[in-house]
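# mind looking at a prediction? Sequence and model below.
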Amino acid sequence: MFGIPGKQAVTMTPKAAGQIAKLMDKGGHAGLRIGVKKGGCAGMEYTMEYVDTADPHDEVVEQDGARIMIAPMAQMFLFGTEIDYEVSLLEAGFKFKNPNVVDACGCGESIKFDETLNQSG
């Protein structure tokens, strides 16, 4: 796993942790798996899905009754990210404050990472 020993790869604001815990309780899920995939106008998109069991390679982050699993391919892209939950007049949803993002599209759904994150060696 990438990162600093003893430091969580991803953190959640109290609002995000509360919303994730509520979703877990309502659906009886073990948590939410977060990942990234190719797509969107900036090149990559975040993914979120309910999971009933963690994959052995997932990074598991637990906070205030909420549990997220970070897919192995996404771990290097999400390190240092804070997940928030925002509610406005028109929408409510999770927002990712990710220091690894170098560009994002206008809709906020698609992101671009520093290309050195995706190079090995």
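The structure has been received and is ready for your questions.
# which stretches in this protein count as strands?
With DSSP state E applied, the chain shows strands at 10-12, 31-38, 44-51, 59-63, 66-70, 81-87, 92-97, 101-104, 110-113, listed in chain order.
# for those strands, which one sits closest to residue 21?
Smallest distance to residue 21 across the strands of the chain (C-beta to C-beta): 4.4 Å, for strand 66-70. C-betas here are computed from N, CA, C, even on glycine.
# what sits up against the closest one?
The contact list for strand 66-70 (C-beta atoms under 8 Å, 6 or more residues apart in numbering) reads 9-10, 12, 16-21, 24, 30-35, 51, 54-55, 58-61, 78, 83.
# list buried residues within those.
Buried by 16 or more other C-beta atoms under 10 Å: 9-10, 12, 16-17, 19-21, 24, 31-35, 51, 54, 58-59, 61, 78, 83, out of the contacts of strand 66-70.
# correct me if wrong: residue 50 contacts residue 34.
No - using C-beta atoms under 8 Å, residue 50 makes no contact with residue 34, being 11.4 Å away.
# any idea how far residue 88 is from residue 95?
11 Å (C-beta to C-beta, to the nearest Å).
# so which of those two has more stuff around it?
Neighbours were counted for residue 88 and for residue 95 using other C-beta atoms under 10 Å; residue 95 has more, 15 against 7.
# nearest spatial neighbour of the more buried one, chain-adjacent residues omitted?
Among residues not flanking residue 95 along the chain, residue 84 sits closest, at 4.7 Å (C-beta to C-beta, 6 or more residues apart in numbering).
# and the gap between that neighbour and residue 93?
The value you get for residue 84 to residue 93, if C-beta to C-beta is used, is 10 Å.
# tell me the most buried of the strands of the chain?
Of those, the one with the most neighbours on average (mean count of other C-beta atoms under 10 Å) is strand 66-70, at a mean of 24.
# please name the bridge partners of the spatially most central residue of the chain.
Centroid-nearest residue in the chain, with C-alpha atoms, centre = their mean: residue 34, separated by 4.4 Å. Judged by DSSP bridges, the bridge partners of residue 34 are residue 48, residue 70.
# thank you kindly, that will do.
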